[in-house]
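Trainee: fold the following.
(one chain, ligands or ions: 2)
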Amino acid sequence: MSTAAIIVAAGRGTRAGGDLPKQWQMLAGRRVADWTLERFSIPQIGHVVLVLHPEDREAWNEFADKPLILAPGGSDRAASVRNGLAALDGLGITKVLIHDVARPCVSRELIMSVLNALDTHRAAAPGLPVTDALWSGSEGHVTGTRDRAGLFAAQTPQGFHYDDIRTAHAAHPDDAADDVEVARAAGISVAIVPGEPDNLKITRAGDFARAERILRQDMDVRLGNGYDVHRFGPGDHVMLCGVRVPHDRGLQGHSDADVGMHAVTDALYGALAEGDIGRHFPPSDPQWKGAASEIFLRHAVDLAARRGYTVSNIDCTLVCEYPKIGPHALAMQQEMARIMGIDATRVSVKATTSERLGFTGRGEGIAALATACLVRP
Ligand SMILES: Nc1ccn([C@@H]2O[C@H](COP(=O)(O)OP(=O)(O)OP(=O)(O)O)[C@@H](O)[C@H]2O)c(=O)n1
Ligand SMILES: C[C@](O)(CO)[C@H](O)COP(=O)(O)O
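Mentor: Ligands and ions are numbered 1, 2, ... in the order given. As a prediction, the model looks like this:
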């Protein structure tokens with residue numbers, strides 16, 4: 001993928017105050033930087049460069065094993081951008097978006113609008129027309145009024161063709177208000193796309209409360225359900241919710257036939273509107289023959305995490321006459337909680353018989369139903 005984003009996060013946030021630079025402070029349950037990075041986690045962007053201050057050692061360690069390119073910050077914003085651009089050399093990047101980590105409320109729509117504008121323009125950036133009257137002032141008094149016609153408040157992400165902005169920054173060693181200034185100094189015309197009032201830059205302490213309000217409006221809760229059936233065949237145990245349960249028959253299936261874990265996994269995919277296990281792990285693919293169902297469950301949880309969702313809770317019901325589930329239910333809850341990386345109190349496993357009715361009542365197989373709740377804070 002030849003499109004990249006550079007998130008500049010090497011500032012010290014002196015105007016915002018606090019014990020940590022603003023990008024590492026909490027905002028609506030996560031750090032500012034986590035929100036910003038999540039916004040750029042979209043299939044249209046193949047590489048994300050995170051520019052970090054050399055002294056932010058914890059961040060360097062934390063992000064080292066994430067799918068990010070890390071680059072060291074410079075003494076001013078422009079120097080940090082130059083280092084971010086250099087980190088993309090040789091990767092065949094054609095388009096690049098440059099964004100302040102301090103703008104965590106940027107919408108995916110705005111990101112796409114800047115990106116799409118690059119199909120027809122050499123450069124594009126969001127701007128908000130100035131609506132307030134503009135004064136000049138001195139010593140606490142208004143000294144004049146300025147014409148606001150044709151003035152815009154500049155936002156990020158600012159988008160460029162990679163070679164253009166790499167060359168422009170190389171020729172502009174000084175600091176700049178933004179990358180648009182650098183591009184224009186190199187003779188590149190920059191199209192204005194409509195900015196968003198909510199895309200504020202956290203600059204002073206009071207900005208956190210406004211950003212928090214915006215992000216909380218964006219909170220999302222999703223439910224999904226899953227249902228699965230496997231038939232009995234020869235064997236001496238069944239795998240249920242990750243636990244090996246001794247039984248005089250086994251369950252048949254392409255993978256380990258863990259009917260409970262399959263229902264839970266499908267409930268997670270359902271909450272994400274991402275189809276079912278068969279879409280992600282086709283039964284026609286021999287590599288999944290006999291596979292441990294843990295692989296499927298972990299994939300669904302990772303997919304949710306990439307979209308900013310965490311698993312709030314899971315409820316799974318197994319339907320069978322035998323084996324008896326009660327003695328194993330706690331182990332099943334604990335095992336699925338381990339795989340999903342959540343507390344066991346958020347996982348429920350229970351069972352019912354079907355009063356000897358139907359295929360489960362006749363002992364021909366086991367059915368499982370599950371509900372999953374995902375939350376994006
Ligand atoms: N040497 C620098 C300076 C700034 N930035 C980044 O540029 C963006 C916009 O800068 P600003 O809001 O001014 O952030 P800070 O420099 O951190 O704030 P302050 O000026 O209050 O210290 C921020 O995402 C900031 O992390 C950077 O990567 N490297
Ligand atoms: C690039 C920018 O976000 C455009 O509004 C802004 O100029 C960077 O922040 P700073 O406060 O001017 O350093």
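
Trainee: contact partners for His169?
Mentor: By Cβ atoms under 8 Å, 6 or more residues apart in numbering, His169 lies in contact with Ala78, Val81, Arg82, Leu85, Asp179, Val182. No exception for glycine: its C-beta is placed from N, CA and C like everyone else's.

Trainee: could you rerun that using 7 Å?
Mentor: Ala78, Val81, Arg82, Leu85, Val182 (Cβ atoms under 7 Å, 6 or more residues apart in numbering).

Trainee: enumerate the residues of the stretch 1-150 of the chain near ligand 2.
Mentor: Contacts of the stretch 1-150 of the chain with ligand 2, taken as Cβ under 6 Å from any ligand atom, map to Arg77, Asp100.

Trainee: in the stretch 1-150 of the chain, what residue lies closest to ligand 1?
Mentor: Gly11 (2.1 Å; Cβ to the nearest ligand atom).

Trainee: after the helix or strand hosting Phe160 comes which helix or strand?
Mentor: Assigned by DSSP states H and E, Phe160 belongs to strand 158-161. Toward the C-terminal end, the helix or strand that comes next after strand 158-161 (DSSP H and E) is helix 162-170.

Trainee: avg pLDDT for that next one?
Mentor: Averaged over helix 162-170, pLDDT sits at 98.

Trainee: restricting to C-alpha, output that helix in PDB.
Mentor: C-alpha atoms of helix 162-170 as PDB (Å, rounded to 0.1, in the frame of the first residue of the first chain):
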ATOM      1  CA  TYR A 162       5.300  12.100  -1.100                       C
ATOM      2  CA  ASP A 163       8.100  13.200  -3.400                       C
ATOM      3  CA  ASP A 164       6.800  16.700  -3.500                       C
ATOM      4  CA  ILE A 165       6.700  17.300   0.300                       C
ATOM      5  CA  ARG A 166      10.000  15.400   0.900                       C
ATOM      6  CA  THR A 167      11.800  17.700  -1.600                       C
ATOM      7  CA  ALA A 168       9.900  20.800  -0.200                       C
ATOM      8  CA  HIS A 169      10.900  20.000   3.400                       C
ATOM      9  CA  ALA A 170      14.500  19.300   2.400                       C
END
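
Trainee: and that helix, how far out from the chain middle?
Mentor: 29 Å (Cα atoms, centre = their mean, to the nearest Å).

Trainee: report the closest residue of the stretch 201-350 of the chain relative to ligand 2.
Mentor: For the stretch 201-350 of the chain, Cβ to the nearest ligand atom, closest residue to ligand 2: Lys201, 5.1 Å.

Trainee: secondary structure element for the closest residue to Pro67 other than its chain neighbours?
Mentor: Nearest non-adjacent residue to Pro67, counting by Cβ to Cβ, 6 or more residues apart in numbering: Val48, 7.7 Å away. With elements taken from DSSP H and E, the one containing Val48 is strand 47-52.

Trainee: list the buried ones in stretch 288-304?
Mentor: Trp288, Ala291, Ser293, Glu294, Phe296, Leu297, His299, Ala300, Val301, Ala304 (16 or more other Cβ atoms under 10 Å).

Trainee: tabulate the contacts of His169 (JSON lines), appending secondary structure, neighbour count and pLDDT.
Mentor: Listed next are the contacts of His169 as JSON lines, based on DSSP: H, G, I helix; E, B strand; the rest coil; neighbours: other Cβ atoms under 10 Å; pLDDT from 0 to 100:
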{"residue": "Ala78", "secondary structure": "helix", "neighbour count": "21", "pLDDT": "98"}
{"residue": "Val81", "secondary structure": "helix", "neighbour count": "27", "pLDDT": "98"}
{"residue": "Arg82", "secondary structure": "helix", "neighbour count": "21", "pLDDT": "98"}
{"residue": "Leu85", "secondary structure": "helix", "neighbour count": "26", "pLDDT": "98"}
{"residue": "Val182", "secondary structure": "helix", "neighbour count": "26", "pLDDT": "98"}
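
Trainee: how about those in CSV, adding distance to ligand 1?
Mentor: Formatted as CSV, those follow (distance: Cβ to the nearest ligand atom, whole Å):
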residue, distance to ligand 1
Ala78, 8
Val81, 7
Arg82, 10
Leu85, 12
Val182, 14
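
Trainee: quick one: low-confidence ranges for the protein?
Mentor: Within the chain, not a single segment meets pLDDT under 70.

Trainee: would you list the phi and psi of Asp179?
Mentor: Here is the backbone geometry of Asp179 (degrees, to the nearest 10): phi -80, psi -20.

Trainee: gap between it and Gln158?
Mentor: According to Cβ to Cβ, to the nearest Å, Asp179 and Gln158 sit 5 Å apart.

Trainee: next: Ile339.
Mentor: Ile339 is 41 Å from Gln158, by Cβ to Cβ.
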